[in-house]
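In: Compute the structure for the input listed below.
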Amino acid sequence: MGVQATAFAAAAAIAGSIAFGALAAGAAELPKDFPNRPVRLIVPFPPGGSNDILGRFMALKLTERFKEQVIVDNRPGADGLIGSDIAARATPDGYTLLIVSTSYSMNPAIHKKMPFDPIKDLVPVSMIGTGPNAVVVNPNFAAKTVKDLIALAKAKAGQINYASSGVGGFNHFGGELFNSAAGIKMTHVPYKGGGPAMVDIMAGHVPVLFGTLIQVLPHARSGKLRVLATGGPKRAAVLPDVATVMESGLPYEVTIWWGLLAPKGMPSALVAALNDTVGKTLAEADTRKRLAAEAAEPMIATPAEFGDIIRKDIAKWIKVAHDAKMEAH
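Out: Here you go, the predicted model:
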């Protein structure tokens, strides 16, 4: 698939044979006394990013099913490591969940020291969905196409900046992979989350962002951002007139997945029941409609399958970081 394989490809290889709305182990019921108090959903990024957007939607849907409040708790910092570490240290009773995305599997490739083990200290609960990234610019920026952006970057080597949610995050990898595929060098400007990065690109302080389509779509529709291309294997249904990066001739394909994790030690029966509950939520027509409107596609997998995706992605992104000469911190 060119410079890198997509996270969706890994997911499809493992979960593609699963019927939508069905889990391999069959339905599992939540304990009758769970939950009997509010559930905390940690979002390890500031408000405004894709994890926050999808996390808040899932919190509302799960509140309906639980009949108890699911409270979103934004704990940003260190490209998701701070919030994830808080979740890893929480009591494994189901009352603390963590929403993560592909960046979770990218962190080991760029961070020399992790405060937790991403495989052992948090257990997979359920995938939520997948979607493409997008190459976006401030509307006042000169580039109107991917080819324009490449030409400008070649003419002004190192002078064009691109924003990201943080070092080693999804936006960072997307930008460095674009640099590698196009043979250019744009300068990385990390922020403490996708929300702050989005604010600065709309303000014109940084001209380029390789963001998730779910995050940039509302601002593109309002005219505050311009989408040059999307990074999926095919055009996004919500933006049918916008070409993919590959249509510009680059071997570039980047997608993102989202999912829920829980602290290690959570009873397997509760993990299975939560997985089933999320699966039923994703199968609802209004959920699928909402995700489609946000340029995301529901993705169901068992906890074991989700774990396999994370492990394979960690190995994959370590190789990508090495090949792209991304410096570890």
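In: use CA for all of it now, contacts and neighbours both
Out: Will do.
In: Tell me where this protein has strands.
Out: Ranges of strands in the chain, per DSSP state E, are 39-43, 70-74, 96-101, 122-137, 161-164, 187-190, 208-212, 226-230, 255-263, 297-298.
In: nearest to T145, of these?
Out: Closest to T145 of the strands of the chain, according to Cα to Cα: strand 226-230, at 5.2 Å.
In: which other helices and strands contact the closest one?
Out: strand 122-137, helix 213-221 (3 or more Cα pairs under 8 Å, 6 or more residues apart in numbering; DSSP states H and E).
In: between the shortest one and strand 255-263, how big is the angle?
Out: By that I understand helix 213-221. On the basis of axes from the mean of the first three to the mean of the last three Cα atoms, to 10 degrees, helix 213-221 is oriented at 130 degrees to strand 255-263.
In: Keeping just the C-alphas, turn helix 213-221 into PDB.
Out: Output of helix 213-221 as PDB, limited to C-alpha atoms (Å, rounded to 0.1, in the frame of the first residue of the first chain):
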ATOM      1  CA  LEU A 213     -11.900  13.800   8.500                       C
ATOM      2  CA  ILE A 214     -14.400  13.500  11.500                       C
ATOM      3  CA  GLN A 215     -12.500  16.400  13.100                       C
ATOM      4  CA  VAL A 216     -12.100  18.800  10.200                       C
ATOM      5  CA  LEU A 217     -15.400  18.200   8.400                       C
ATOM      6  CA  PRO A 218     -17.600  20.700  10.300                       C
ATOM      7  CA  HIS A 219     -15.000  23.500   9.700                       C
ATOM      8  CA  ALA A 220     -14.600  22.600   6.100                       C
ATOM      9  CA  ARG A 221     -18.400  22.800   5.600                       C
END
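In: so what does it touch, helix or strand wise?
Out: helix 50-66, strand 122-137, strand 226-230.
In: most neighbours per residue, which of the helices and strands packed on strand 226-230?
Out: strand 122-137 (a mean of 27; mean count of other Cα atoms under 10 Å).
In: dump the residue contacts of the closest residue to D52 other than its chain neighbours.
Out: Excluding its sequence neighbours, the residue lying closest to D52 (Cα to Cα, 6 or more residues apart in numbering) is V43, at 6.0 Å. By Cα atoms under 8 Å, 6 or more residues apart in numbering, the residues touching V43 are 51-52, 55, 72-76, 83, 98-100.
In: and of the helices and strands packed on helix 213-221, who's closest to T212?
Out: Closest approach to T212 among the helices and strands packed on helix 213-221 (Cα to Cα): strand 122-137, 4.1 Å.
In: Would you map out the domains in the protein?
Out: What automatic domain parsing lists as the domains of the chain is 7-130+256-323, 132-248.
In: residues near the spatially closest residue to T130 that is not a sequence neighbour, how many?
Out: Among residues not flanking T130 along the chain, W257 sits closest, at 4.2 Å (Cα to Cα, 6+ apart). Neighbours of W257 under the rule other Cα atoms under 10 Å: 24.
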